[in-house]
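> generate coordinates for the sequence data below:
(one chain, ligands or ions: 1)
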Amino acid sequence: MEMKVSPSEIFIFPDGERRIQVQERVVDEDIVIIQPTSSPVDTNYFELFLLADAAKRSGARSVTAVVPYLGYQRQDHVFRDGEAVSLEVIVKTMQSVSIDKVISFDLHTIKIPEIFSIPMVHLSALELFAKEIKKQNWDGLDTVLVSPDMGGIRRIELISKMLSDMPYATIEKNRDLATGHVEMATITGEITHRVLIVDDMISSGGTIVKAGEALKKKGAKEVYVFATHPVFSDEAPKLLQNSVVDRVYVTDSVLVSDEKLFPKLHILSISEMIAQSLKQ
Ligand code: R5P
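Purely as a prediction, here's the structure:
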């Protein structure tokens, strides 16, 4: 966008508290804060809240929060009695610090924007993935798209349309809510030579590793993964590198630190899409 980044100071006190200062005159300016809320999730969220508050108190006309990866989005309802709806708490806090608009990518469910009372722009990396699939000439015969769980059906239908109605299959996944352990149940649809798994995020890597194994057992020879958010918790990079999947495409919605990079990983950039959205 050929715009400069305004300096801000984030000072951390010995007890861990943060002092945030916007170091430029922002009176009557429209401010954009770019803050993915991946790990450390709470710290990143709190920095976002304090930055927004600092900008508004300093006279900013508006604050747009670009949150390429929206942390806590999987906790969007009560799964088990007694649980908090964490995402609602995040949304309320964003609104209470006077954030005017939020831009994010590939949300876990299409219902999430409805939780916001402020404008929420829901962008998707699916187009970027479809472009890459065409570039690799994987859009011909012998290829099938796969959603590794039933929650991803809409996502898979959308990318199938972008690829001239490429056939797709789905896997029914069971996750133990207490341990997070994943098991693949049934695969619905025909599995061909090449499989393209499409998902919103990779966290522990369990879903992708298990899906890859199940698909190879069903006859797939090549398995490629397209997942927007490389959350990569715990041993995910190691598990993915040692898995049966051949290549893993993600975006830069979350920064992958050098020590988490691995040979099978390919990172595509969403920065252009963010710039386009901000220009509108
Ligand atoms: C689940 O519904 C999501 O779409 C992802 O499949 C899931 O969050 C990935 O998590 P993990 O990598 O820990 O299996």
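
> so which residues on the stretch 151-280 of the chain come close to the ligand?
Applying CB under 6 Å from any ligand atom, one finds that the stretch 151-280 of the chain approaches the ligand through 151, 152, 182, 199, 200, 201, 202, 203, 204, 205, 206, 207. Heads up, the C-betas are built off the backbone N, CA and C, glycines and all.

> any idea which of these the model trusts least?
Checking pLDDT across those, the minimum falls on residue 182 at 79.

> find the residue at the geometric middle of this structure.
residue 229 (3.4 Å; CA atoms, centre = their mean).

> quick check: it touching residue 250?
Yes. Between residue 229 and residue 250 there is a contact at 7.1 Å, judged by CB atoms under 8 Å.

> residue ranges with poor pLDDT in the stretch 51-200 of the chain?
Residue ranges of the stretch 51-200 of the chain with pLDDT under 70: none are present.

> now do the helices in it.
Remark: helices assigned in the stretch 51-200 of the chain by DSSP state H, counting those that start in this stretch are 86-96, 112-115, 126-135, 153-162.

> could I get these in CSV, plus columns for mean neighbour count and distance to residue 268?
Converted to CSV, the helices of the stretch 51-200 of the chain look like this (neighbours: other CB atoms under 10 Å; distance: least, CB to CB, whole Å):
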stretch, mean neighbour count, distance to residue 268
helix 86-96, 17, 26
helix 112-115, 14, 23
helix 126-135, 17, 5
helix 153-162, 16, 14
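
> ok, back up a step: which residues do residue 229 and residue 250 both contact?
Listed as contacting both residue 229 and residue 250 by CB atoms under 8 Å, 6 or more residues apart in numbering are residue 202.

> my read: residue 192 touches residue 146, true?
No. Under the criterion of CB under 8 Å, residue 192 is not in contact with residue 146, lying 10.2 Å apart.

> related to what we said a few turns ago, buried ones among the residues of the stretch 151-280 of the chain next to the ligand?
Using 16 or more other CB atoms under 10 Å as the burial test, those include 152, 182, 199, 200, 201, 202, 203, 204, 205, 206, 207 as buried.

> ok, back up a step: the residue nearest to the centre of the chain: what's it in contact with?
So residue 229 contacts 38, 68, 69, 105, 106, 200, 201, 202, 250, 251, 253, 254 (CB under 8 Å, 6+ apart).

> possible to save these as TSV with distance to residue 133?
Converted to TSV, these look like this (distance: CB to CB, whole Å):
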residue	distance to residue 133
38	25
68	21
69	22
105	18
106	16
200	17
201	19
202	18
250	14
251	14
253	19
254	22
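
> let me know the closest of these to residue 238.
Of all these, residue 202 has the smallest distance to residue 238: 12.7 Å, by CB to CB.

> which ones are touching that closest one?
Contacts of residue 202 by CB under 8 Å, 6+ apart are 208, 225, 227, 229, 230, 231, 232, 236, 240, 248, 250.

> which of those residues fall within helices?
208, 236, 240 (DSSP state H).

> burial count for the first one?
Just to be clear, that refers to residue 208. Per other CB atoms under 10 Å, the neighbour tally for residue 208 reads 25.

> quick check, pLDDT for it.
pLDDT recorded at residue 208 is 96.

> cool, and the second one?
According to the per-residue confidence, residue 236 scores 98 in pLDDT.

> list the contacts for it?
With CB under 8 Å, 6+ apart, residue 236 has these contacts: 202, 203, 204, 205, 260.

> got those residues as TSV, with secondary structure columns?
Below are these laid out as TSV (DSSP: H, G, I helix; E, B strand; the rest coil):
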residue	secondary structure
202	strand
203	coil
204	coil
205	coil
260	helix
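
> can I get the residues you listed in CSV with distance to residue 23?
Output for the contacts of residue 236, formatted as CSV (distance: CB to CB, whole Å):
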residue, distance to residue 23
202, 36
203, 35
204, 39
205, 40
260, 31
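
> could you list the domains of the chain?
Here the domain parsing of the chain from automatic domain parsing is 8-123, 126-268.

> with distance to residue 280 added, can I get those in CSV?
Output for the domains of the chain, formatted as CSV (distance: least, CB to CB, whole Å):
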stretch, distance to residue 280
domain 8-123, 9
domain 126-268, 16
